[in-house]
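K.L.:
next comes the sequence, and after it the predicted model I'd like to discuss.
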Amino acid sequence: MSIPCPFVYANGSLCSGRIIRVEAYKADVVWEEGKSGAWLVSAGPRSHYHLFCSEKGNHAGSRRSDSPQMKVYWRQLPRQIQDLIEGMQAQPKDEPPPA
């Protein structure tokens, strides 16, 4: 799935990159036993998300650490990213996913 970078340069041109990373800041992650007995995971930031571009990372400039255009709240995320986050299944990083 290719998600276009939302960054717009000062001259009005769009970035040609694509989103390759999303970070949630101040995130709450919860594991909870569902009605069927299966454990469910949910996650959501209390703050915002940072988007990272294939061409320019976080579009940091010489005068700022990262572009405010790359810091978004849930309602500003592209629908493709919202769908990806809503459908995620968390796996511990030190264990392989089940076969």
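P.N.:
Yes, it's here.
K.L.:
check contacts around residue 18.
P.N.:
Residues counted as contacts of residue 18 (Cβ atoms under 8 Å, 6 or more residues apart in numbering) are 2-5, 53-54. The way it works is simple: take the backbone N, C-alpha and C, and place the C-beta from them, glycine included.
K.L.:
an error on my part: the question was meant for residue 61.
P.N.:
Counted by Cβ under 8 Å, 6+ apart, residue 61 has contacts residue 67.
K.L.:
that one: which element?
P.N.:
Residue 61 is part of no helix or strand when elements are defined by DSSP states H and E.
K.L.:
so how far is residue 67 from it?
P.N.:
Here the distance between residue 61 and residue 67 works out to 7 Å (Cβ to Cβ, to the nearest Å).
K.L.:
ok, now residue 35?
P.N.:
Relative to residue 67, and taking Cβ to Cβ, residue 35 is found at 43 Å.
K.L.:
likewise for residue 9?
P.N.:
Computed as Cβ to Cβ, the residue 9 to residue 67 distance reads 10 Å.
K.L.:
these two: which is more packed in?
P.N.:
residue 67 (20 against 10; other Cβ atoms under 10 Å).
K.L.:
just flag the most distant two among the contacts of residue 18.
P.N.:
Every pair in the contacts of residue 18 was compared (Cβ to Cβ); the two farthest apart turn out to be 2 and 53, at 12.1 Å.
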